[in-house]
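Student: Task: produce atomic coordinates for the following.
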Amino acid sequence: MTIRPLIILPDPVLRQASKPVERVDAQVKSLADDMLATMYDAPGIGLAAIQVGEPLRLLVIDVAKEDEEKTPRVYLNPEILAQSDEMNVYEEGCLSIPDYYAEVERPAGVTVRYLGLDGKLHEEKADGILATCLQHEIDHLNGVLFIDYISKLKRDMVVKKFTKAARKTTA
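Tutor: Next up, the predicted model:
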């Protein structure tokens, strides 16, 4: 397992839509392992392949608390089939937008269909933090960031801050 560098805002790669995973092979499984290692190292609770520069519809999640046993999950080609009318607000962050957090309102529950590493289709109902995390990571696969859910003024300030920081590191 290799810890991969994270793509950081304002990199335009983060706005790319990801392509479906065609088949579950050793390369896909290796990428999932690398992504889990990268997510745990960061540390985070979710990571989409695009965040490590791979435009594939693959994401990893582990919402176990620090004192709990790890429960890594891998989702290939995930899609939201249904979402609850009830909404939840969570303070979200993103490994590609380090040290910035904002409250985001999303459906409290979702039903997701995805391909597992076993090559089979699965359906899962999720609520709470898992539902939020799935929606956040699936957004990444579509080129959407959590800052797209906050006011334009706040979003512009965040993008400006990260653009300025990126210029400093390349200068």
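Student: switch to C-alpha atoms for all contacts and neighbour counts from now on
Tutor: Fine.
Student: buried set for the helix or strand where residue 124 lies?
Tutor: With secondary structure defined by DSSP states H and E, residue 124 is part of strand 121-127. For strand 121-127, burial by neighbour count (16 or more other CA atoms under 10 Å) applies to 126, 127.
Student: Between strand 121-127 and the next helix or strand after it, find me the angle.
Tutor: From strand 121-127 onward toward the C-terminus, using DSSP H and E, the following helix or strand is helix 128-141. Angle of helix 128-141 versus strand 121-127, following axes from the mean of the first three to the mean of the last three CA atoms, to 10 degrees, is 120 degrees.
Student: Contacts for helix 128-141 next, please.
Tutor: 14-18, 45-51, 55-59, 61, 63, 78-79, 88, 90, 106-110, 145-146 (CA atoms under 8 Å, 6 or more residues apart in numbering).
Student: make it 7 Å
Tutor: Here helix 128-141 makes contact (CA atoms under 7 Å, 6 or more residues apart in numbering) with 17-18, 46-48, 50, 57, 59, 63, 78, 106, 108-110, 145-146.
Student: So for it, mean pLDDT?
Tutor: Averaged across helix 128-141, the pLDDT comes to 98.
Student: In CSV, list the C-alpha atoms belonging to that helix.
Tutor: Extracted in CSV, the C-alpha atoms of helix 128-141 (Å, rounded to 0.1, in the frame of the first residue of the first chain):
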residue,chain,number,x,y,z
GLY,A,128,-26.2,9.6,9.7
ILE,A,129,-22.6,10.2,9.0
LEU,A,130,-22.3,7.3,6.5
ALA,A,131,-25.1,8.8,4.4
THR,A,132,-23.4,12.2,4.5
CYS,A,133,-20.0,10.8,3.7
LEU,A,134,-21.4,8.7,0.7
GLN,A,135,-23.1,11.8,-0.7
HIS,A,136,-19.9,13.9,-0.2
GLU,A,137,-17.7,11.3,-2.0
ILE,A,138,-20.2,10.6,-4.8
ASP,A,139,-20.2,14.4,-5.4
HIS,A,140,-16.5,14.2,-5.9
LEU,A,141,-17.0,11.6,-8.6
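Student: For the helix or strand following it, give the mean pLDDT please.
Tutor: Next helix or strand after helix 128-141 toward the C-terminus (DSSP H and E): helix 152-170. When pLDDT is averaged along helix 152-170, the result is 91.
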